[in-house]
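1. sharing a model that was predicted from the sequence below.
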Amino acid sequence: MPVSSTGHLILAAEALRFNPSTKVVFEIVIQLAAILAVILEYKERVVSTVLGLGHSRTAQRFAANVIVAFLPLAVLGLVFASPIKAVLFAPVPVALAFMVGGVFILWVEHQLGLPGYQPRVLQVDDMRFPDALKVGLIQALALIPGVSRSGSTIVGGLWIGLSRVTATQFSFFLAMPTILAASLYELYDSRSLLSTADIPVFLVGGVFSFISAYACVRWLLRFVEKHDFRVFAWYRIAFGGLILLSTQMGWVTWG
């Protein structure tokens, strides 16, 4: 959902005082489990695209759009991931990103509600390369924890003229290479932290991550057919404000 899973993970890990070495690998495992749930939901489209790459123009254009949208975050992530993690992976920056993202969602929804507005792209297969590139550039903002990868791509897609269903579906399709690549890279980078003693924790986390992600994907696809995203915006603003308030009042001692 467009509320930033990374931001919630950072806050939950801080609140629970989760072991730092275990936390790194645990987050990778549950992200992989979540993206496997997305692949399962769209297995028919994934299979048809792979099988059609040699002869289907639709499959080739779709795959190219996903690659084009994936590249900005991949390149910027390799360059800026370390300084971003060092500075922004903390509760207060995450809370601010929550709130700014919420305001952006409200602004986009206001624009969509103006008289005469009609989405320009009604299906994923109607997207052009410039559309994919714009969504990819907007997705790169999700390098900032608390922004939300799905939130930036879905709401960004609405902003450039995609329909709600198209923006949501393309966000999920784009999540497959994005999260798989990021998780595998981080897993290799953190290989020294792997321990067989943590396998039970990873299994439990992975199973529940898979189940919850699968349920959320199916729910969100139905939700966007009849609703806008204002409820997520107000949640982000309220939750981010609560984190800042808890910090200011000393209710929680964040790391």
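-> Right, received. Where do you want to start?
2. center of the chain - which residue?
-> The structure's the chain has its C-alpha centroid closest to residue 149; by CA atoms, centre = their mean the separation is 2.8 Å.
3. can you classify the residue lying closest to that residue once chain neighbours are set aside as helix, strand or coil?
-> In space, not counting the residues next to it along the chain, residue 149 is nearest to residue 142; the distance is 3.9 Å by CB to CB, 6 or more residues apart in numbering. Quick note: C-beta positions are derived from backbone N, CA and C, even for glycine. Residue 142 falls in the helix class when you classify it by DSSP: H, G, I helix; E, B strand; the rest coil.
4. is it true that residue 142 touches residue 155?
-> No: in this structure, residue 142 is not within contact of residue 155 by CB atoms under 8 Å, at 11.3 Å.
5. helices of the stretch 1-150 of the chain, start to end?
-> Ranges of helices in the stretch 1-150 of the chain, per DSSP state H, counting those that start in this stretch, are 5-16, 20-41, 43-52, 57-88, 91-112, 129-139, 149-159.
6. follow-up on the earlier one: just give the number of residues close to the residue nearest to residue 149.
-> 23 (other CB atoms under 10 Å).
7. and it, what does it touch?
-> Counting by CB atoms under 8 Å, 6 or more residues apart in numbering, residue 142 touches 6, 73, 148, 149, 151, 152, 153.
8. how would you label residue 208: helix, strand or coil?
-> What three-state DSSP gives for residue 208 is helix.
9. if I look at the closest residue to residue 92 other than its chain neighbours, what pLDDT would I see?
-> Take residue 92 and drop its neighbours on the chain: the residue closest to it by CB to CB, 6+ apart is residue 247, 6.1 Å away. At residue 247, the predicted lDDT confidence score is 84.
10. neighbours of residue 247, just the number please.
-> The local packing of residue 247 (other CB under 10 Å) involves 15 other residues.
11. surely it and residue 94 touch.
-> No: between residue 247 and residue 94 no contact is recorded; they are 11.0 Å apart, counting by CB under 8 Å.
12. thinking again about what came up before, mind putting the helices of the stretch 1-150 of the chain into TSV with distance to residue 243 and mean pLDDT?
-> Compiled in TSV, the helices of the stretch 1-150 of the chain are given as follows (distance: least, CB to CB, whole Å; pLDDT from 0 to 100):
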stretch	distance to residue 243	mean pLDDT
helix 5-16	7	83
helix 20-41	18	87
helix 43-52	37	92
helix 57-88	14	91
helix 91-112	4	93
helix 129-139	24	95
helix 149-159	17	93
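13. from residue 48, how far off is the residue in the chain sticking out farthest from the centre?
-> The centre of the chain is farthest from one residue, residue 55, which by CA atoms, centre = their mean lies 31.3 Å away. Remark: distance between residue 55 and residue 48 (CB to CB, to the nearest Å) = 12 Å.
14. against residue 169, how distant is the closest residue to residue 102 other than its chain neighbours?
-> Closest residue in space to residue 102, ignoring its immediate chain neighbours: residue 236 at 3.4 Å, by CB to CB, 6+ apart. Here the criterion is CB to CB. By it, residue 236 lies 22 Å from residue 169.
15. higher neighbour count, those two?
-> Using other CB under 10 Å, the more surrounded residue of residue 236 and residue 169 is residue 236, with 30 against 20.
16. contacts only, for the residue nearest to the centre of the chain.
-> 4, 6, 139, 142, 171, 175, 178, 179.
17. and of these, the nearest to residue 121?
-> Residue 121 has its nearest neighbour among these in residue 171, at 13.4 Å by CB to CB.
18. what's the pLDDT at that closest one?
-> 94.
19. count of neighbours near the closest residue in space to it that isn't next to it in sequence?
-> Among residues not flanking residue 171 along the chain, residue 153 sits closest, at 4.1 Å (CB to CB, 6+ apart). Residue crowding around residue 153 was assessed by other CB under 10 Å; the count is 29.
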